[in-house]
Structure formats: C-alpha cells, structure tokens
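Colleague: Any chance you can model this:
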Amino acid sequence: MERLAQFILKTPLHSVLVALFCAFFPGLFLFALIILALVTLRKGPMAGLMVAVVISAVAIGTYSYQGFLGVGIASALIEVVPIWLLSVILRSTISLQQTVLASATIVAAFGAVLMLMGDWKAQTFYTLLSCQAGYTGETPIPESVQTTLTSVANYLAFMWPALTFVRYQVVILFARW
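Modeller: Below is the predicted model of the structure:
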C-alpha cells in the first residue's frame, strides 16, 4: 500500500493518471476519491484540485455519454467537491474531529437542499436502477420489477445521507492512513 501511495505521489502526472484510470470504472471510483484526498493531504489544495477536476470531468462525461448529464454533475458536486473540501480542512486544521463535523454539515446541507427538491432522489435512483437492470425507454418494465425497483429506490433515497456521510469518512480515513 505504501509503494502505491509513493507511486501516486511521485509526480502530478502519476496522481492524475491513476485517478483518471480509477474514475473510469464505477467499482474503482471510490479509489479515485481516495487518491484525491491523499494528493490534497500530502501535496496541497492546488494539486488536489487538479485531480478533482479530472475526476469530475470523467464522472460528468461518463454519465453524459449514458444520457444522464444531471447525474454526472450531481456526482461531481456531491462526491468530488466535498472530498476535496474535507481534505483541505483536515490538512489545514489537522483535526479529524473538525473534519467529521464539517462532513456532517455538508451532508446536512445536501439533505436539506434535496428535501426542498421533493421526490427527485427516489425518481433518480429509480431511473438509474432501471437502466442498470437493462430497461430503457423502449423496453416496458414488468409490474413486479417496477415494484421492486420502486422499493429499492425509496430505500436508497432514505439512506442516502447516512451512506454519503460514511463514504466521506471512509475516504478521508483511508487517505489519512
């Protein structure tokens, strides 16, 4: 793990390329966020900002290619920007307690904004889940599948703030470690 961190931190190009590679694959996107936090903590906010821009561009481009530009922008705003901000806070304060408090504040602010937007979260999760299941606009979704997708989408919309808070903490702790 230490050798991988040394490789990533060797030059700005290394960190950007490894983050770019990780950001292209949904299963590795969390590692791209960890690289962002690691670079920000070790090299500074400007180096981290360069990685954040690359990760955001990949997220927006990938979702835009799939027809979900709004989800790509939301992903950049909800995942990439807060991780960069939390890393800057941790770097400047050297206080994990203040970073956790800032994380809770960010999640509460996002939650409040999304509550004002109404049923947006559940509908967005439903759309993403139906596309992941292979149902597009041309394919009718069977009623049993619709019921299941609606239940899972509502559950994810309800659990989103807690899961986001945990994701922020995991990324920061891994990068700090």
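Colleague: Point out where this structure drops to low pLDDT.
Modeller: 118-121, 132, 136-137 (pLDDT under 70).
Colleague: Select the longest helix from it.
Modeller: Across the chain, the longest stretch assigned as helix under DSSP state H is helix 143-176.
Colleague: starting at the chain centroid, how far to it?
Modeller: How far helix 143-176 lies from its chain's middle: 11 Å, per CA atoms, centre = their mean, to the nearest Å.
Colleague: helices or strands up against that helix?
Modeller: helix 29-43, helix 81-93, helix 96-116, helix 120-132 (3 or more CB pairs under 8 Å, 6 or more residues apart in numbering; DSSP states H and E). All C-beta atoms are positioned from the backbone trio N, CA, C, and that covers glycine.
Colleague: Show me which positions of the third one end up buried.
Modeller: Neighbour-count burial for helix 96-116, with 16 or more other CB atoms under 10 Å as criterion, is recorded at 99, 100, 102, 103, 106, 107, 110, 111, 114.
Colleague: Ok, the first one next?
Modeller: Neighbour-count burial for helix 29-43, counted by 16+ other CB under 10 Å, picks out 29, 31-43.
Colleague: which element follows it toward the C-terminus?
Modeller: Sequence order places helix 45-65 as the next helix or strand after helix 29-43, per DSSP states H and E.
Colleague: Put the alpha carbons of stretch 157-166 into PDB.
Modeller: Below are the C-alpha coordinates for stretch 157-166, written out as PDB (Å, rounded to 0.1, in the frame of the first residue of the first chain):
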ATOM      1  CA  ALA A 157     -33.300   7.800  -1.200                       C
ATOM      2  CA  PHE A 158     -34.000   7.400   2.500                       C
ATOM      3  CA  MET A 159     -30.500   6.000   3.300                       C
ATOM      4  CA  TRP A 160     -28.600   8.400   1.000                       C
ATOM      5  CA  PRO A 161     -27.500  10.900   3.700                       C
ATOM      6  CA  ALA A 162     -26.100   8.200   6.100                       C
ATOM      7  CA  LEU A 163     -24.400   6.400   3.300                       C
ATOM      8  CA  THR A 164     -22.800   9.600   2.000                       C
ATOM      9  CA  PHE A 165     -21.600  10.500   5.500                       C
ATOM     10  CA  VAL A 166     -20.000   7.100   5.900                       C
END
